[in-house]
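Engineer: Starting from these lines, generate the structure:
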Amino acid sequence: SPPWGGRGALEVLQEFRTAECHFINGTEKVRLVERRFYNRFEYARFDSDVGRFEGFDPYGERQAQYWNSNPDIMENRRTA
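Structural biologist: Residues are numbered from 1 along each chain as shown. Below you'll find the predicted structure:
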């Protein structure tokens, strides 16, 4: 057994996010899509065309509800 305990192999857990800007008609319209992932599963997304965060599992739904109810976070996303 490895010195840190466990099942013999260290599990790698990864959380990351991506942010994409889509420019439509030059810079006339800009669309922001921010995606949040945990172990390759997208659990939440902000899409400026939708105007709010969406969750795709129970954790993502709780996070989206928190972010959507926070005026500072929403103002930051809407002006990005």
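Engineer: How about stretch 55-69, which residues are buried there?
Structural biologist: 55, 60, 63-64, 67-68 (16 or more other Cβ atoms under 10 Å). Placement of C-beta: from N, CA and C, glycine included.
Engineer: got a list of contacts for it?
Structural biologist: Applying Cβ atoms under 8 Å, 6 or more residues apart in numbering, the contact partners of stretch 55-69 are 36, 38, 41-46, 52-54, 73-74.
Engineer: which ones among the buried residues of stretch 55-69 are found in helices?
Structural biologist: Per DSSP state H, helices hold the following members of those: 60, 63-64, 67-68.
Engineer: Which single one of these is nearest to Ala19?
Structural biologist: Distance to Ala19, by Cβ to Cβ, is smallest for Trp67 among those, at 14.3 Å.
Engineer: Could I get the full set of helices for the chain?
Structural biologist: 58-68, 71-78.
Engineer: Among those, which comes closest to Gly26?
Structural biologist: Among the helices of the chain, helix 71-78 sits nearest to Gly26 (Cβ to Cβ), with 20.6 Å.
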